[in-house]
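Undergrad: How does the following fold in three dimensions:
(one chain, ligands or ions: 1)
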Amino acid sequence: MSNPATARPVRVRFAPSPTGELHLGGLRTALFDYLWAKHTGGTFILRIEDTDQKRYDPKSLESLMRGLRWLGLEWDEGPDVGGPHAPYIQTERAAIYQQHAQKLLDSGAAYRCYCTAERLDEMREEQRRRKQPTGYDRRCRHLSPAERASQEAAGLPSVIRLAVPLEGKTTFADLIRGDITVENRQLQDEVLLKSDGLPTYHLAAMVDDHLMEISHVLRGEEWLPTAPIHKLVMEAFGWELPVLVHLPVILDPSGKGKMSKRKKVVEGKEFLALVHEFISAGYLPDAMFNFLTNVGWNYDPEIEIFEREEAIARFDVARINPKASALPYEKLDWINSQYIRQLTPAALKEQLIPILSKQLKIAPAKLQNDARLDILVPQIQERIKRLDEAIGWIDWAYKTADEIVYEDPSLLLGRKLDAAQSIAVLEDGAALLQTVEPFLPDDIQAAFRERAAAMGVSAGGYFGPFRAVITGKKVSPPLFESLQALGREEVLRRVARGIEVLGELT
Ligand code: GLU
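TA: Numbering: from 1, shown residues only. Next comes the predicted model:
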């Protein structure tokens, strides 16, 4: 299907600069590109805008691709998969931008500027002193041919600047914000090609958007001020701007500030920002896909959980809400918990292994065959919102009896029982645990209930000390599965220790 707004096949690009780790805002842009491409049967392109060599971070490209693939955003054209407009890494396209800059020089739409960094500093200093707005004073725009020739003859380094019209207005359209007009005198003669021969974003992105036949540019709202320059660059070449869609700013979960590019703590709560942090915390890609789709767009105000295919079918760039949107992380947690519940226990175990392996320092292959996990995973499935929370529910099963700390020994007391009575329960249960066969949850439970009744103790009162001695915690997965997971011998060791600790209370 083609897009009625342009009647061109839809081609969208995610064009990150590899200057650091991918953050959630970038991932949202890529997701909307992807949704629009899939919705229209169009093409999703990954283009790497690495022409700012000072800010280049060699690690970021790999982590960027990992983050996109984690979410399932496979690109149709891009650096590693190639495509009809390769290369897709801008530093590998330097000659293309140089040729295009030359065209603008030839037509007079751009000019060479020989001003040195020192001269520009002095100029700005002077502008500040006079309380004028700072900006390039266009000195080189007005050089005579003779002056220009002498600068060239001296072999001075130069940049190429856009000759912005000195009067009049520039109007561009944003699909969700309407027409926006600026006075040309408020614009700068921006640099298009730097003295190192590499283009700036203004030149590279426009040349590529044109050559790569981009139909829609989805990018963060922070790029809105550059749009008039982009319109002028496109006009200088005699090209059309793609349809512009500036995506709303994302606010942090408190709704108070702009979402930051790094983890931050607001009112005592930690808010993650980088995609790799969400991956290690154990958010599932389906949950993140579902969550981010609704940040600036809305699937349906009544429906919280939906399939990817359903989102693709409904997605519409024209319905993106330009208003800043906050990131309700509690909603992400809730959505994630729903996706966790939908997994089979075997699939959940698979997902947990890499995270638990790091947390427990046990090799993944060993955890693969770990019977404790097979028993405990189904028990915690409805109790965790993030995979990294599993450890808090099951760490006790991976400790030795000595490592279980009873910070508050009164925890070992059964409900309404004193220390002596709790010891009696533990001794009674220990005798039972030595013999109960098979050592399985239902059998242990039946035996415990019988003994509780015989001792005249409530079931809860009888069970409580066992939960506490084996886990050292007030809250744990269900008791009988926990006993089974730990195994008879280890349970007995812990019961013996619990009795000792309680003995000190009597
Ligand atoms: N390279 C720019 C960035 O890092 C891309 C902006 C755009 O999509 O045009 O966000």
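Undergrad: Tell me which residues of stretch 166-177 come out buried.
TA: Within stretch 166-177, the residues scored as buried using 16 or more other CB atoms under 10 Å are 170, 172, 174-177. From N, CA and C alone the C-beta is placed, and that goes for glycine too.
Undergrad: How about stretch 481-501?
TA: Of the residues in stretch 481-501, those buried by neighbour count under the rule 16+ other CB under 10 Å are 481-486, 488, 490-495, 497-499, 501.
Undergrad: can you list the residues of the chain near the ligand?
TA: 15-17, 49, 201, 205, 217, 219, 223 (CB under 6 Å from any ligand atom).
Undergrad: Low-confidence bits of the chain, can you list those?
TA: Scanning the chain for pLDDT under 70 picks out 1-7.
Undergrad: Dead centre of it: give me the residue that sits there.
TA: In the chain, the centroid-proximal residue (CA atoms, centre = their mean) is residue 275; its distance is 2.9 Å.
Undergrad: The closest residue in space to that one that isn't next to it in sequence: which element?
TA: Nearest-residue entry for residue 275: residue 67, 3.8 Å, with adjacent residues in sequence omitted and distances by CB to CB, 6 or more residues apart in numbering. For residue 67, the host element (DSSP states H and E) is helix 60-71.
Undergrad: Just the C-alpha atoms of that helix, please, in PDB.
TA: In PDB, the C-alpha atoms belonging to helix 60-71 read as follows (Å, rounded to 0.1, in the frame of the first residue of the first chain):
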ATOM      1  CA  SER A  60      27.400   2.000  20.500                       C
ATOM      2  CA  LEU A  61      26.700   0.600  17.000                       C
ATOM      3  CA  GLU A  62      26.700  -3.000  18.300                       C
ATOM      4  CA  SER A  63      24.600  -2.200  21.300                       C
ATOM      5  CA  LEU A  64      22.200  -0.200  19.100                       C
ATOM      6  CA  MET A  65      21.600  -3.100  16.800                       C
ATOM      7  CA  ARG A  66      21.300  -5.500  19.700                       C
ATOM      8  CA  GLY A  67      18.600  -3.200  21.300                       C
ATOM      9  CA  LEU A  68      16.600  -3.000  18.000                       C
ATOM     10  CA  ARG A  69      16.800  -6.700  17.400                       C
ATOM     11  CA  TRP A  70      15.900  -7.400  21.000                       C
ATOM     12  CA  LEU A  71      12.600  -5.600  20.400                       C
END
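Undergrad: Tell me how far it lies from the chain's centre.
TA: Average the C-alpha atoms of helix 60-71, do the same for its chain, and the two points are 10 Å apart (CA atoms, centre = their mean, to the nearest Å).
Undergrad: Show me what it packs onto, helices and strands only.
TA: helix 24-40, helix 275-281, helix 285-293 (3 or more CB pairs under 8 Å, 6 or more residues apart in numbering; DSSP states H and E).
Undergrad: Which parts of whatever helix or strand comes next after it count as buried, going by neighbours?
TA: Tracing the chain past helix 60-71, the next element assigned as helix or strand by DSSP H and E is helix 94-107. Residues of helix 94-107 classed as buried under the neighbour-count rule (16+ other CB under 10 Å) are 94, 96-97, 100-101, 104-105.
Undergrad: Identify, from those residues, the entry nearest to residue 86.
TA: The shortest gap between residue 86 and any of these belongs to residue 96, at 11.6 Å (CB to CB).
Undergrad: OK, contacts around the closest one?
TA: Shown here is residue 96, whose contacts under the criterion CB atoms under 8 Å, 6 or more residues apart in numbering are 207, 211.
Undergrad: which residues of the stretch 251-400 of the chain fall in helices?
TA: Counting by DSSP state H, counting those that start in this stretch, the stretch 251-400 of the chain has these helices, from start to end: 275-281, 285-293, 308-314, 329-342, 345-360, 364-368, 371-380, 390-394.
Undergrad: and residue 9, which of those is closest to it?
TA: Proximity to residue 9, assessed across the helices of the stretch 251-400 of the chain by CB to CB, is greatest for helix 308-314 (16.9 Å).
Undergrad: In the stretch 151-300 of the chain, what residue comes closest to the ligand?
TA: Among all residues of the stretch 151-300 of the chain, residue 219 sits closest to the ligand, at 3.5 Å; criterion: CB to the nearest ligand atom.
Undergrad: Show me what the host helix or strand of that residue packs onto, helices and strands only.
TA: Per DSSP H and E, residue 219 falls inside strand 216-220. Here strand 216-220 is seen to pack against strand 11-14, helix 24-40, strand 243-247 when contacts are counted using 3+ CB pairs under 8 Å, 6+ apart.
Undergrad: Would you agree the residue nearest to residue 275 is in contact with residue 276?
TA: Yes: distance between residue 67 and residue 276: 6.7 Å, which falls inside the contact criterion (CB atoms under 8 Å).
Undergrad: Find the nearest non-adjacent residue to the residue of the stretch 351-500 of the chain found nearest the ligand, please.
TA: In the stretch 351-500 of the chain, the residue that lies nearest the ligand is residue 386 (28.3 Å; CB to the nearest ligand atom). Nearest non-adjacent residue to residue 386, counting by CB to CB, 6+ apart: residue 282, 4.6 Å away.
Undergrad: any idea how far residue 82 lies from residue 121?
TA: When CB to CB, to the nearest Å is the yardstick, residue 82 and residue 121 sit 43 Å from each other.
Undergrad: likewise residue 344?
TA: As judged by CB to CB, residue 344 and residue 121 stand 64 Å apart.
Undergrad: again with residue 453
TA: 88 Å.
Undergrad: Residue 483 is in contact with residue 444, correct?
TA: Yes: using CB under 8 Å, residue 444 is in contact with residue 483, at 5.7 Å.
Undergrad: Please list all residues in contact with residue 184.
TA: Applying CB under 8 Å, 6+ apart, the residues near residue 184 are 164-170, 228.
Undergrad: can you tell me the helix or strand for the residue nearest to it when sequence neighbours are not counted?
TA: Among residues not flanking residue 184 along the chain, residue 165 sits closest, at 4.7 Å (CB to CB, 6+ apart). Following DSSP H and E, there is no helix or strand that holds residue 165.
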